[in-house]
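Student: what follows is a predicted protein model with its sequence.
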Amino acid sequence: MSAVGGGEPKWRRDGRALFYLAANGRLTTVTVNTQHGFEVGESVPLFEIPAATRLLMTNYEVSRDGQRFLIADAVPGIPQSPITVVFNWLAYLKKTSR
């Protein structure tokens, strides 16, 4: 269990462990036992997620067996593309299609 917080929790497919991104940037796992209530084991830091990656909405996915991870990462030397948000886009579409 985390005393300093974390985010992006994901269950291992068998429901016996939880993965999360700890506040210190490390992907962490904790075992969970739900046979007699809800028991949480000791948290185990696995590895650090790159700082640039932590800015993304979803940083990682876990394999079914919890042994492999797919980690999103920024590509060095390639600038990040800006995101454009268009409000009231239907009105804009009607205006430009005349």
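Tutor: Received the coordinates, thanks. Numbers count the residues shown, from 1 in each chain.
Student: hmm, residue 51 is touching residue 25, no?
Tutor: Yes - in this structure, residue 51 is within contact of residue 25 by CB atoms under 8 Å, at 6.7 Å. The C-beta positions use only the backbone N, C-alpha and C, and glycine is treated the same way.
Student: more crowded one of the two?
Tutor: Using other CB atoms under 10 Å as the criterion, residue 51 and residue 25 rank with residue 25 on top: 17 against 9.
Student: would you map the strands across the chain?
Tutor: In the chain, the strands defined using DSSP state E lie at 6-11, 17-22, 26-33, 39-48, 60-62, 69-71.
Student: next, count neighbours for the nearest residue to residue 50 once chain neighbours are set aside.
Tutor: Spatially, and ignoring its direct neighbours in sequence, residue 50 is nearest to residue 73 (5.6 Å; CB to CB, 6 or more residues apart in numbering). Each residue near residue 73 was counted by other CB under 10 Å, and the total is 11.
Student: hmm, residue 48 and residue 73 touching each other?
Tutor: No - using CB under 8 Å, residue 73 is not in contact with residue 48; the gap is 11.9 Å.
Student: with that, I have no additional questions.
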